[in-house]
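Undergrad: quick one: sequence and predicted model below, then my questions.
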Amino acid sequence: MEALLRSRVPVLLLASLGLAAVGQAQNFTYAHRTSVNSALQQVTPNSDITAAPTNVGQSSTVSLIITNASTATWTLNQTALTGSGFKLSVDPSNTQIPPNASTVLTFTFAPTSAGNASGTLTLSYSSGTQALSQVFFLSGTGQQPNFITSYILQPTGNQVAISNGTTLSFPGTNVNATSSATFVIANNGTGPGTVNSVTVTGQSFQLSGLTLMPATVQPNSNIQFTITFAPTARGAATGSLSISISGAAAITIPLAGTGLGAALTYTATVSSQSSPLTPGNTLTLPSTNLGASASATITVVNGGDAAAGVNTVNVTGNGFSVSNTPGLPATLAPGNSLSFTLTFKPTVSGTAGGTMSIDSASFPLSAIAIGASLTYSSVIGSATTPVAPDGTIVFPNTTVGATSTVSVVVSNTGNASATVSGISVSGTGFSLPGLPQLPVTLAPNGTLQFNIAFNAASTSAVTGTLQIDSVGINLRGNGNPPPAMSKVTFGSVPATATPLQQPSVGLSLAQPYPMDLTGKLTLSFASDSFADDPNIQFASGGRTVSFTIPANTTDAVFGSSKQVQFQAGTVSGTIQIAAAFSVASVDVTPSPAPTAQVVIAPAPPLIRNVQIGARTGNSFEVLITGLSTPRQVSQIQLQFTPTSSGNLQTSNLSINTDGPFSTWFQSQTGIGFGSQFTASVIVTVNGDVTAVQSVSVTASNSQGSSGAVSTTLN
């Protein structure tokens with residue numbers, strides 16, 4: 001009916017106005033814009049002006065621009081607007097519009113219901129005697145958003161519609177795990193709608209993936225976000241989801257979930273008596289003798305509504321251990337349990353403490369160990385130092401030859417008596433002076449003290465061992481070099497000596513020495529004839545002799561005498577006497593070493609004895625014993641004296657002896673006698689041997705001739 005009317009009106013107007021209406025219509029041009037589209041659209045009378053689609057309860061505007069395209073001034077006398085929802089907001093009635101001028105007419109479209117709306121706009125003009133009326137057909141669409149809420153439990157749930165006040169229930173969820181739901185706010189209406197805000201309350205519920213608010217939702221569109229349920233404790237948890245939508249009542253969705261979790265309880269069974277264990281509270285085991293043990297069965301029960309993992313079981317503390325543990329990690333279903341054994345086997349007496357840990361649950365442990373407990377310490381001066389078995393006692397640096405002492409204290413810190421049966425030391429220089437009689441019984445808190453002495457015999461480090469029954473303690477000492485000696489002098493040593501002389505030698509220090517000194521005198525010989533004289537030696541035999549100088553004295557003592565003799569020998573040369581000193585095994589001889597020299601000067605031969613040897617009817621043997629310090633005899637002269645009735649044709653006899661004596665002195669036998677010799681001269685007599693009364697002998701070398709020595713034949 002309306003469509004027919006709209007198609008008929010223009011015809012009626014044309015019929016009544018005739019052809020002149022066509023010319024009049026061109027007096028005005030029209031263009032319009034909407035509040036959602038600023039672009040001008042040309043429109044002609046008897047055509048449609050369409051308002052923008054508008055939500056019910058809201059409004060939109062349409063502006064119609066009227067332009068006078070004629071050369072006359074026209075007056076817009078009246079504006080008539082019909083139709084539900086249409087209303088003038090700017091009415092230009094009674095407005096004069098000069099040529100080429102424009103005016104604006106504005107109306108609103110505020111639908112009261114969803115669907116199409118229509119109306120008319122009639123404009124009446126006049127100019128002088130002319131009158132003009134033009135009609136426009138108005139249309140608009142009322143829109144209405146319609147929000148539907150739903151959720152999908154992840155990961156495989158179906159989409160479920162949910163309305164205001166209906167509870168969204170999450171499945172039971174393990175503590176520290178999560179469950180989530182995708183929440184959908186969908187607009188299935190005819191117009192857009194605005195979601196102003198979405199909030200969640202409840203400690204265990206969180207929002208994520210939410211669009212920036214406020215958000216406009218077009219028809220057939222939606223917004224989605226995630227609600228996560230993350231319980232932190234077992235039991236029921238509640239919250240709420242609040243949704244604010246423009247032009248609609250707020251939506252409140254209660255949230256609900258249940259936290260599921262394991263609930264582990266602990267029990268200790270000792271001697272058939274069970275008692276609950278609470279993490280942080282102390283578990284006390286029975287008092288136990290050293291060498292014995294006490295135990296408890298520990299049971300872990302899962303009384304919760306979710307499986308529990310037991311990953312580790314550990315124990316700390318001297319004497320505490322666990323055994324019979326099941327394979328770990330283990331999973332305990334609700335109602336299941338596992339057990340293991342806690343053992344206390346003490347090695348030291350007194351109160352013992354420790355900790356048993358079952359994953360993050362910690363239980364302090366306590367027990368009393370009954371028995372003796374020996375500890376050891378060393379005392380050096382005023383300092384006391386604990387010493388562990390197999391530890392080390394270090395003695396103060398000790399001057400070689402001196403002795404340092406360390407006290408050792410054995411203490412019974414236990415709660416039962418102890419017996420010390422044996423104490424010994426090993427290692428060079430270590431000793432136990434004044435050791436108390438053993439065995440010794442030490443009551444609780446009792447002590448035993450004894451001394452260890454260290455006598456330093458060298459400057460190198462020395463180690464040893466202190467043994468107290470089965471306990472070994474290392475010992476270490478170190479010797480400091482002894483002090484330097486004062487000047488050494490040799491007493492009563494002649495500068496020169498004659499062959500076969502036996503001088504004496506003594507030894508003295510300029511200042512007393514604070515420690516016992518031991519030493520040696522050593523003879524050495526530099527021969528003038530490149531041959532040693534083995535007869536040069538000390539009276540005690542050999543070329544070395546030992547002596548001592550007692551601490552804080554100055555004189556050397558040889559056995560029981562302060563002098564020692566030595567044999568000067570028979571070969572010319574220089575005898576050197578060198579002294580060496582030591583404290584313990586450390587050489588303290590001054591550098592250079594103290595020495596004294598005795599010179600045996602080269603001299604003419606010395607005939608010590610002449611005697612007659614073998615005889616025959618016409619000969620006799622002259623045996624000449626003597627020495628020649630240069631180890632050379634070049635000539636022997638014999639002078640004969642006749643008897644009173646005899647007559648000798650030859651009274652002197654000279655013999656060149658270089659060859660025989662050189663052979664003798666160079667022989668090994670001759671070297672063993674130094675420069676001593678016994679020469680045999682056979683004298684042949686042509687005539688009566690008895691005519692010779694005596695013979696006188698002299699010997700010569702490069703230093704001169706010896707004195708004459710005679711012997712008689714008759």
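TA: Structure received. Numbers count the residues shown, from 1 in each chain.
Undergrad: ok but residue 690 is inside a helix, no?
TA: Yes: with DSSP: H, G, I helix; E, B strand; the rest coil as the criterion, residue 690 is part of a helix.
Undergrad: counting neighbours, what do you get for it?
TA: Counted with other Cβ atoms under 10 Å, the burial measure for residue 690 works out to 14 neighbours. Placement of C-beta: from N, CA and C, glycine included.
Undergrad: so for it, what's the nearest residue that isn't a sequence neighbour?
TA: Using Cβ to Cβ, 6 or more residues apart in numbering and skipping residues adjacent in sequence, the residue nearest residue 690 is residue 714, 6.4 Å away.
Undergrad: repeat that for residue 128.
TA: Of all residues apart from its sequence neighbours, residue 72 sits closest to residue 128 (Cβ to Cβ, 6+ apart), at 7.3 Å.
Undergrad: I figured the one you found hits residue 97, correct?
TA: No: no contact is recorded between residue 72 and residue 97 when judged using Cβ atoms under 8 Å, the distance being 9.8 Å.
Undergrad: before we move on, back to that, list the contacts of the residue nearest to residue 128.
TA: The neighbours of residue 72, taking Cβ atoms under 8 Å, 6 or more residues apart in numbering as the test, are 27, 99, 127, 128, 130.
Undergrad: from residue 254, how far out is it?
TA: As for residue 72, its distance to residue 254 is 73 Å (criterion: Cβ to Cβ, to the nearest Å).
Undergrad: ok, residue 347 next?
TA: Applying Cβ to Cβ, the value for residue 347 to residue 254 is 63 Å.
Undergrad: please enumerate the helices of the stretch 301-450 of the chain.
TA: Using DSSP state H, counting those that start in this stretch, no helices are found in the stretch 301-450 of the chain.
Undergrad: name the SS class of the residue nearest to residue 128, please.
TA: Classification of residue 72 into helix, strand or coil gives coil, according to three-state DSSP.
Undergrad: repeat for residue 660
TA: Secondary structure for residue 660, judged by three-state DSSP, is helix.
Undergrad: cool, and residue 93?
TA: coil.
Undergrad: in which helix or strand does the closest residue to residue 424 other than its chain neighbours reside?
TA: Spatial nearest neighbour of residue 424, excluding adjacent residues (Cβ to Cβ, 6+ apart): residue 467 at 4.9 Å. Assigned by DSSP states H and E, residue 467 falls within strand 461-468.
Undergrad: for the helix or strand just after that strand, packing partners?
TA: Downstream of strand 461-468, the first helix or strand assigned by DSSP H and E is strand 471-480. With contacts defined as 3 or more Cβ pairs under 8 Å, 6 or more residues apart in numbering; DSSP states H and E, the packing partners of strand 471-480 are strand 374-380, strand 392-394, strand 398-399, strand 447-455, strand 461-468.
Undergrad: repeat that with 7 Å
TA: Contact here means 3 or more Cβ pairs under 7 Å, 6 or more residues apart in numbering; DSSP states H and E; on that basis strand 471-480 packs against strand 392-394, strand 398-399, strand 461-468.
Undergrad: winner for burial among these?
TA: Sort the helices and strands packed on strand 471-480 by mean neighbour count, taking mean count of other Cβ atoms under 10 Å, and strand 398-399 sits at the top with a mean of 20.
Undergrad: if you count contacts, what does it end up packed against?
TA: Strand 398-399 makes packing contacts with strand 471-480 when contacts are defined by 3+ Cβ pairs under 7 Å, 6+ apart.
Undergrad: strand partners (parallel or antiparallel) of the strand it packs on?
TA: Each strand that strand 471-480 pairs with, and the sense of that pairing, follows from DSSP bridges: strand 392-394 (parallel), strand 398-399 (parallel), strand 461-468 (antiparallel).
Undergrad: out of those strands, the one nearest residue 490 is which?
TA: Residue 490 sits nearest to strand 398-399 of all the strands paired with strand 471-480, at 27.4 Å, using Cβ to Cβ.
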